[in-house]
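Enquirer: From the sequence below, what's the structure:
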Amino acid sequence: MEKFLNISKEKQDQIIEAGLKAFGQNGYKKASISDIAASAGISKAMIFYYFNSKKELYLYLADLCCGIVINKVKEHFDSSVNDFFDRLKMTSEIKMEALKKYHGSFSFLESMYKEKDEEVQDGLKNLMSGIQETAESLAFYEVDLSKFKDGVDSQLALKFLLLAAQGFIHELPSDYEFEVIDKFIEDYYAWLDIMKNNFYKEEYL
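Expert: Numbers count the residues shown, from 1 in each chain. The predicted model follows:
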């Protein structure tokens, strides 16, 4: 990794974007290092000079994307927002903005969550476990449970809604243009409002 980190930021970003695009479109096994190198404007040998293996490159990109999102959410998270649905909207907006740093990060993360190749499974499992733990701690911390309808198991409802919200976000098409994100977020907010109407007491709607 030291050799990669010592090159210019511009060249790093070219390699990162090329890798995110290739893995995002093709998955781990079918992604070609030759294609990544060509897209980045370097030789295949240079990819292996910077990264010891295809696996190392893939897991670096996975850790990079997840780290960008987690750090951005922690930086801008407002714990005073204690309405669960408002908090989901807030964190989702932060995540989407964070992922705009690299165009290929959306398709890469979508592919990463579906990746089944055994060569990278252990690394991804540990990474996603940490992400889920962070997501739950931020989503559930000091949420106002009194807004849920009487008779609703609020803890189960929170877990269901968080998982459903994450599933909705993963439906973002991988071949998007940035303009698509705003429309997607609009639809996502409308879905959250439907859920809110079903789970919250009338006075909180």
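Enquirer: burial measure for Leu158, as a count.
Expert: Close neighbours of Leu158, defined as other CB atoms under 10 Å, add up to 18. In this view, the C-beta of every residue, glycine as well, is placed from N, C-alpha and C.
Enquirer: ok, for it, nearest residue in space, not its chain neighbours?
Expert: For Leu158, ignoring the flanking residues on the chain, the nearest one in space by CB to CB, 6 or more residues apart in numbering is Phe140 at 5.8 Å.
Enquirer: burial count for that neighbour?
Expert: 16.
Enquirer: swap in the one 10 residues further on?
Expert: Taking other CB under 10 Å as the neighbour definition, Asp150 ends up with a count of 5.
Enquirer: On the three-state scheme, it is what?
Expert: Following DSSP: H, G, I helix; E, B strand; the rest coil, the label given to Asp150 is coil.
Enquirer: Quick check: which helices or strands does the lowest-mean-pLDDT helix or strand in the chain pack against?
Expert: Ranking every helix and strand in the chain by mean pLDDT, DSSP states H and E puts helix 154-169 at the bottom, with a mean of 82. Applying 3 or more CB pairs under 8 Å, 6 or more residues apart in numbering; DSSP states H and E, one finds that helix 154-169 contacts helix 84-99, helix 118-140, helix 178-199.
Enquirer: Buried residues, the shortest one. List them.
Expert: It stands for helix 84-99. Within helix 84-99, the residues that qualify as buried are 84-85, 87-92, 94-96, 98-99, counting by 16 or more other CB atoms under 10 Å.
Enquirer: from these, which two are the most distant?
Expert: Farthest pair in these (CB to CB) is Phe84 and Leu99. Separation: 22.6 Å.
Enquirer: Can you tell me the element the residue nearest in space to the middle of the chain falls in?
Expert: By CA atoms, centre = their mean, the chain has its centre lying nearest to Leu109, at 5.5 Å. Element membership for Leu109, per DSSP states H and E: helix 105-114.
Enquirer: where does that helix sit relative to the chain's centre, distance-wise?
Expert: Using CA atoms, centre = their mean, to the nearest Å, we find the averaged C-alpha position of helix 105-114 to lie 7 Å away from the chain's own average C-alpha position.
Enquirer: Quick one: list the elements packing against it.
Expert: Under the contact criterion of 3+ CB pairs under 8 Å, 6+ apart, helix 105-114 touches helix 9-30, helix 54-76, helix 84-99.
Enquirer: repeat that for 7 Å
Expert: Helix 105-114 makes packing contacts with helix 9-30, helix 54-76 when contacts are defined by 3 or more CB pairs under 7 Å, 6 or more residues apart in numbering; DSSP states H and E.
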